[in-house]
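Novice: No letters, just coordinates:
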Ligand SMILES: [Zn+2]
């Protein structure tokens, strides 16, 4: 199958090119410059001497991208499908979650396998393969959450790397569940440094937070907003600094997940200025939602409970600035959907029992495009933070994250002029509310290809469960 995507503007991390894109099977065969108006180009049949793509057979299908952007498919490196949390599971399965991702122009996810205490990393990986393999609509990889640091676990990290999983997430939050001590973190970082692996950190001071939570509950303060008030931004800043120091001592790279607070951003910027291999991502919810949402009347705020919590609005400006200056290199979603009824409701009368997570895998490309519309991000930067850098950061480039000959034909045709309103009525995530209900967006996905297969086109889903393949990732291409 040969597809010609014709008439669009190809957007890459380095700029825009008026060019057609020829897809051959699962790969991009050629970019065809638009100053060539030969009938061969227009029909997808390059003349024998036409340069790139020359001598190829005619296209079986032409997708008209006139007036539209042609982007590398989005890469969301932080999702939680079917994740166990507090006695329940996040409600998107790999099947429903990757389908929703495709609808929103995301053609690769990297999800987290979660080591339970007392179990091995490889057994954990097997378990996550069993959940995902054969069920995904788009390609997928895994990170490993390390929650039980011991000699066996440390040894197994190298086996994970051999199995294509070379990024290990640890938690300075959630004592008694995922929490690791500074000593355990140091050991894991030293191990990672020996193999070139990446340590990812949930940086919040969980020990101090637990005291504030206990104080709030003892004082009868039980509403969802207390979730935000008991996890102050200073405790994210402190933990981020501490993680950076531990990584410096261990000579290990460090990737801060879901950075939400300006204090944490300042710590990352300082480390980067000093030449340390420290990277950070933020998420759309921290750019568009705030503590005000957590403070909505009644129990409504439970919809917005995630950790780190939504911050006061003033943090948003520094996050946008961080995206421009590359102190924030990646935007992921931390997609972790729990239904409002029955799941979020577990925390009625006790905010500390509200399952943590906000649905968003479907909306990342659209929400960040709003940053382009409002002038907070350039067009190439949008593509860079949503696709190209995630690919490089987690060893998928140039197979993913770029439109060039030889890369996987993961392509989004995006209509920058179309309008849409985000709503639970129209989204495809398997969750009973939208954190962005009623939000008007300029721009919309028109067509989505994954390895040359059309998944979404003209408002219809053509993908299939099981199309998505596991991605055996190389080491991060940013670590020297
Ligand atoms: Zn997460």
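Specialist: That came through fine. Keep in mind that this is a model prediction, so the values were computed, not measured. Residues are numbered from 1 along each chain as shown.

Novice: Helices of the stretch 351-480 of the chain, start to end?
Specialist: Taking DSSP state H, counting those that start in this stretch as the test, the helices found in the stretch 351-480 of the chain are 364-373, 379-383, 389-393.

Novice: hey, which of those is tucked in deepest?
Specialist: Highest mean neighbour count of the helices of the stretch 351-480 of the chain: helix 389-393, a mean of 25 (counted as mean count of other C-beta atoms under 10 Å). For every residue, glycine as well, the C-beta is placed using N, CA and C.

Novice: Tell me how far that helix lies from the chain's centre.
Specialist: 11 Å (C-alpha atoms, centre = their mean, to the nearest Å).

Novice: So which elements touch that helix?
Specialist: Applying 3 or more C-beta pairs under 8 Å, 6 or more residues apart in numbering; DSSP states H and E, we find helix 389-393 packed against strand 74-79, strand 106-114, strand 330-331.

Novice: Outside of that helix itself, list whatever touches it.
Specialist: With contact meaning C-beta atoms under 8 Å, 6 or more residues apart in numbering, helix 389-393 is reached by 13, 72, 75-77, 108, 110, 198, 255, 279, 329-330, 332, 396-402, 476-478.

Novice: before we move on, back to that, just put the helices and strands packed on helix 389-393 in TSV and tack on mean pLDDT and mean neighbour count.
Specialist: Formatted as TSV, these follow (pLDDT from 0 to 100; neighbours: other C-beta atoms under 10 Å):
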stretch	mean pLDDT	mean neighbour count
strand 74-79	98	29
strand 106-114	98	26
strand 330-331	98	29
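
Novice: Report how many residues lie close to residue 226.
Specialist: By other C-beta atoms under 10 Å, 24 other residues sit near residue 226.

Novice: should've said residue 15
Specialist: Neighbour count for residue 15, taken as other C-beta under 10 Å: 11.

Novice: can I assume it is in contact with residue 380?
Specialist: Yes: with contact defined as C-beta atoms under 8 Å, residue 15 reaches residue 380; the gap is 5.5 Å.

Novice: Mutual contacts of these two, please.
Specialist: By C-beta under 8 Å, 6+ apart, residue 15 and residue 380 have no common neighbours.

Novice: Tell me how far residue 473 lies from residue 366.
Specialist: From residue 473 across to residue 366, the span is 26 Å (C-beta to C-beta, to the nearest Å).

Novice: hang on, the earlier thing: output the helices of the stretch 351-480 of the chain in CSV, with distance to residue 243 and mean pLDDT appended to each entry.
Specialist: Shown next, in CSV, are these (distance: least, C-beta to C-beta, whole Å; pLDDT from 0 to 100):
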stretch, distance to residue 243, mean pLDDT
helix 364-373, 25, 98
helix 379-383, 26, 98
helix 389-393, 17, 98
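
Novice: among these, which is nearest residue 272?
Specialist: helix 389-393 (13.8 Å; C-beta to C-beta).

Novice: and residue 70, that one's in a strand?
Specialist: Yes: counting by DSSP: H, G, I helix; E, B strand; the rest coil, residue 70 is part of a strand.

Novice: residues near it, how many?
Specialist: Residues lying near residue 70 (other C-beta under 10 Å) number 27.

Novice: can I assume it is in contact with residue 9?
Specialist: Yes: with contact defined as C-beta under 8 Å, residue 70 reaches residue 9; the gap is 6.6 Å.

Novice: Spell out which residues sit in contact with the nearest residue to residue 184 once chain neighbours are set aside, please.
Specialist: Closest residue to residue 184 apart from its sequence neighbours, by C-beta to C-beta, 6 or more residues apart in numbering: residue 149 at 3.8 Å. When the contact criterion is C-beta under 8 Å, 6+ apart, the partners of residue 149 are 180, 184-185, 187-188.

Novice: what about 7 Å?
Specialist: Residue 149 sits next to 180, 184, 187-188 when contact means C-beta atoms under 7 Å, 6 or more residues apart in numbering.

Novice: tell me which of these is nearest to residue 213?
Specialist: For these, the minimum distance to residue 213 (C-beta to C-beta) is 19.2 Å, reached by residue 180.

Novice: And the pLDDT for the closest one?
Specialist: The model reports residue 180 with a pLDDT of 97.

Novice: what about it, distance to residue 372?
Specialist: Going from residue 180 to residue 372 by C-beta to C-beta gives 38 Å.

Novice: Check residue 267 too.
Specialist: Distance, residue 267 to residue 372, by C-beta to C-beta: 28 Å.

Novice: Tell me where the model's unsure across the protein.
Specialist: For the chain, applying pLDDT under 70 flags the ranges 35-57, 480.

Novice: Tell me how many other residues surround residue 130.
Specialist: With other C-beta under 10 Å as criterion, residue 130 counts 10.

Novice: backbone phi and psi for it, please?
Specialist: The phi and psi values for residue 130, taken as degrees, to the nearest 10, are phi -60, psi -30.

Novice: Next, the contact list for the nearest residue to residue 73 once chain neighbours are set aside, please.
Specialist: Closest residue to residue 73 in three dimensions, ignoring its sequence neighbours and counting by C-beta to C-beta, 6+ apart: residue 107, at 2.9 Å. Going by C-beta under 7 Å, 6+ apart, residue 107 touches 73-74, 138-139, 410, 448, 450.

Novice: could you redo the last one with a cut-off of 10 Å?
Specialist: 71-76, 98, 101, 137-139, 387, 400, 408-412, 448-451, 455-456, 463, 468 (C-beta atoms under 10 Å, 6 or more residues apart in numbering).

Novice: Relative to residue 396, how far out is it?
Specialist: Using C-beta to C-beta, residue 107 is found at 11 Å from residue 396.

Novice: Identify the contacts common to those two.
Specialist: Joint contacts of residue 107 and residue 396 (C-beta under 10 Å, 6+ apart) are 75, 139, 387, 408.

Novice: would you list the contacts of residue 149 in TSV and tack on distance to residue 153?
Specialist: Converted to TSV, the contacts of residue 149 look like this (distance: C-beta to C-beta, whole Å):
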residue	distance to residue 153
180	11
184	9
187	9
188	8
